[in-house]
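Undergrad: The following comprises the amino acid sequence and a computationally predicted model.
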Amino acid sequence: MNARASRIVASALLTAALCLAGCGSQTTHHRAALTETPTHIASVPARARETTTVRGVQQAAIPAATTSWLAYYDGSIWVKRDDGPVIRINPDTNTQTGQVGFYTSEQDYCQGIGAGGGAIWSCQPGVITRIDPKTVKIIARIPIAKAFDEGRYVFTDGRLWIVGGTYGNQLTGIDPATNRPGPPIQLPYSCTDLAPAATPSGCCAPTLATSSRSTSPTVASSAR
């Protein structure tokens with residue numbers, strides 16, 4: 001190898017060494033920067049789950065066999081039993097103070113209760129029963145095909161509202177002044193229960209809000 005070639009090789013080796021040294025320096029500096037940068041990890045202190053036992057809040061245990069739905073009205077608790085009767089309970093003494101209705105078989109099972117308009121409303125096979133809360137007696141039986149699953153009868157805007165129809169797709173209001181059902185309102189969806197609306201005049205199904213002054217339902221925000 002002549003002198004010129006030796007100089008070229010030496011220059012190349014020196015350049016490569018400088019490049020490698022530079023890369024190593026940057027890597028070392030970068031690693032140092034990463035090491036020196038603090039890492040912040042958010043931590044949330046653990047909290048014990050707060051639970052309350054039934055005994056912690058229970059004030060009384062009132063024997064009442066096969067109970068299902070409840071309502072409060074006129075200072076009393078009203079309970080619909082699965083086997084037919086409706087019972088009245090005095091919450092001040094925690095005692096049963098009345099019972100009305102007859103026992104039914106499993107084939108004639110009917111569920112649900114509501115209160116309003118000066119009455120307690122429940123059911124017997126094929127009819128809605130109106131109960132006087134003072135005498136604890138049935139004072140009217142109103143033929144109506146109630147949906148089997150409805151357990152909460154809603155009284156609002158001067159009427160008791162009942163879900164009916166073959167598939168729970170009708171809403172019928174009962175006028176307590178006459179004990180007569182009005183024309184059924186056809187619902188576009190099946191419904192199993194009701195709740196009072198946020199406004200004074202209306203009741204809400206899971207997909208609908210209907211006013212008793214209207215003959216057609218209006219779709220609520222939870223429409224499917």
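TA: All right, it came through fine.
Undergrad: what comes into contact with stretch 59-68?
TA: Residues outside stretch 59-68 that contact it (C-beta atoms under 8 Å, 6 or more residues apart in numbering): Val79, Lys80, Arg81, Asp82, Asp83, Ile87, Ile89, Asn94, Thr95, Gln96, Gln111, Gly151. Quick note: C-beta positions are derived from backbone N, CA and C, even for glycine.
Undergrad: Give me the nearest residue to Pro125, chain neighbours excluded.
TA: Leaving aside its sequence neighbours, Pro125 sits nearest to Asp108 (C-beta to C-beta, 6 or more residues apart in numbering; 4.3 Å).
Undergrad: Could you pull up the mean pLDDT of stretch 91-109?
TA: Stretch 91-109 shows a mean pLDDT of 85.
Undergrad: Buried ones in it, by neighbour count?
TA: By neighbour count with 16 or more other C-beta atoms under 10 Å, stretch 91-109 contains the buried residues Gly98, Val100, Gly101, Thr104.
Undergrad: Now do the SS call for the first one.
TA: Of the three states, Gly98 takes strand under DSSP: H, G, I helix; E, B strand; the rest coil.
Undergrad: before we move on, the earlier item: quick check on the contacts of stretch 59-68: which are buried?
TA: By neighbour count, with 16+ other C-beta under 10 Å, these hold Val79, Lys80, Arg81, Ile87, Ile89, Gln111, Gly151 as buried.
Undergrad: Between those, which sits nearest Ala46?
TA: Using C-beta to C-beta, Gly151 comes nearest to Ala46 of those, at 40.1 Å.
Undergrad: what residues are up against the closest one?
TA: Counting by C-beta under 8 Å, 6+ apart, Gly151 makes contact with Ser68, Trp69, Lys80, Gln111, Gly112, Ile113, Asp193.
Undergrad: on that earlier part again, among the buried residues of stretch 91-109, which pair sits farthest apart?
TA: By the measure C-beta to C-beta, Gly98 and Thr104 form the most distant pair in the buried residues of stretch 91-109, at 18.6 Å.
Undergrad: just to revisit the earlier point, include distance to Thr51 when you put the buried residues of stretch 91-109 into TSV, please.
TA: Below are the buried residues of stretch 91-109 laid out as TSV (distance: C-beta to C-beta, whole Å):
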residue	distance to Thr51
Gly98	36
Val100	39
Gly101	38
Thr104	38
